[in-house]
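**Student:** When you get a sec, could you give me coordinates for this:
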Amino acid sequence: MDVITTPDGWRSKYARPVDRWFVGVDLGQSTDPTAISVMHHRVLPLDGWDMNEKTQTRQQKRATHFDVRHLERLPLGMSYPQQIQRVVDLLARPPLNVLKPKLVIDETGVGRPVGDMFDAAGLWPSRITITAGLEATQHGASTWHVPKGLLISNLEAHSHSGELRIAASANDAAALKEELKDFKRKISEAGRTTYAARVGAHDDLVLSVAITLWMATQGPTVVRSPLLL
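**Tutor:** Numbering: from 1, shown residues only. Purely as a prediction, here's the structure:
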């Protein structure tokens with residue numbers, strides 16, 4: 001957002017247009033399918049301003065959208081080389097072949113070797129490991145540890161605001177809605193909040209969208225690990 005101080009002493013914050021694409025892959029294991037989502041992030045500057053007399057600041061109105069255009073759950077039993085080839089094929093399809101989206105993967109359960117296979121295929125994704133805790137940290141140029149609570153609270157916030165929108169035409173849109181219904185928030189006796197699907201249900205589509213949305217909204221501003229300072 002560009003900030004300009006005008007002769008009257010007010011600071012004017014102009015909205016910057018944004019048009020970016022993301023592909024998120026929640027990597028599954030033997031009993032959990034891998035899920036892929038494609039998200040279009042747009043910020044559209046609007047006419048009009050939000051005025052703050054106390055701080056003498058005016059902020060340009062804007063419309064922000066995170067549109068999930070594609071959802072896909074891969075069949076159980078598909079090998080990781082086959083899954084990677086599916087991502088390669090998806091990225092080669094119009095319009096993604098021209099738009100060059102940012103790829104992000106969740107390698108929590110499968111570990112770094114599978115992420116390395118993406119690098120070997122020339123995809124070089126950003127990597128997320130889902131953790132406990134309260135704060136996201138960066139571990140290397142393209143690896144983040146992100147608490148599950150942050151992922152889900154971010155998903156809930158943008159869903160409730162109406163900024164996150166799921167295209168009805170997306171392949172597994174109905175399955176995502178069912179996963180969201182099954183996804184439960186639990187508070188332990190120690191006061192800690194945990195999130196998980198009910199027994200027997202999947203959460204792969206939810207997590208695919210959650211990691212993609214987190215990267216679109218918060219990825220560049222996380223705190224670096226002390227080991228990197």
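
**Student:** C-alpha only now, for contacts and for neighbours.
**Tutor:** Will do.

**Student:** contacting residues around residue 27?
**Tutor:** Counting by Cα atoms under 8 Å, 6 or more residues apart in numbering, residue 27 makes contact with 33, 34, 35, 105, 106, 107, 108, 109, 110.

**Student:** thought the last one was touching residue 28?
**Tutor:** Going back to what we said before, that points to residue 110. Yes: contact status for residue 110 versus residue 28: in contact at 7.4 Å, counting by Cα atoms under 8 Å.

**Student:** more crowded one of the two?
**Tutor:** Of the pair residue 110 and residue 28, residue 28 is the one with more neighbours under other Cα atoms under 10 Å, namely 22 against 14.

**Student:** how far away is the more buried one from residue 115?
**Tutor:** Going from residue 28 to residue 115 by Cα to Cα, to the nearest Å gives 12 Å.

**Student:** hang on, the earlier thing: between the contacts of residue 27, identify the one with the most neighbours.
**Tutor:** That'd be residue 106 among those, by other Cα under 10 Å, with 26 neighbours.

**Student:** Show the pLDDT at it.
**Tutor:** Here the pLDDT value assigned to residue 106 is 95.

**Student:** what's the answer for residue 146, then?
**Tutor:** For residue 146, pLDDT reads 95.

**Student:** before we move on, what about residue 111?
**Tutor:** For residue 111, the predicted pLDDT is 83.

**Student:** residue ranges of the helices in the chain, please?
**Tutor:** Taking DSSP state H, the helices of the chain run over residues 80-91, 96-99, 112-120, 148-160, 173-182, 204-217.

**Student:** For residue 21, which of the ones you listed is the nearest?
**Tutor:** helix 96-99 (7.1 Å; Cα to Cα).

**Student:** Which residues does that closest one contact?
**Tutor:** By Cα under 8 Å, 6+ apart, the list of residues contacting helix 96-99 reads 20, 21, 90, 91.

**Student:** Counting neighbours, what do you get for the second one?
**Tutor:** When you say that, I think you mean residue 21. The burial count for residue 21: 22, using other Cα under 10 Å.

**Student:** Quickly list what it is bridged to.
**Tutor:** residue 40 (DSSP bridges).

**Student:** Quick check: it touching residue 66?
**Tutor:** No: contact between residue 21 and residue 66 fails when scored by Cα under 8 Å: they sit 9.4 Å apart.

**Student:** Disregarding residues adjacent in the polypeptide, which is nearest to residue 127?
**Tutor:** The spatial neighbour of residue 127 that comes closest, neighbours along the chain excluded (Cα to Cα, 6 or more residues apart in numbering), is residue 143 at 4.7 Å.

**Student:** Tell me the spacing between the residue nearest to residue 179 when sequence neighbours are not counted and residue 21.
**Tutor:** Counting by Cα to Cα, 6+ apart, residue 203 is the residue found nearest to residue 179 once chain neighbours are left out, at 5.8 Å. According to Cα to Cα, residue 203 and residue 21 sit 23 Å apart.
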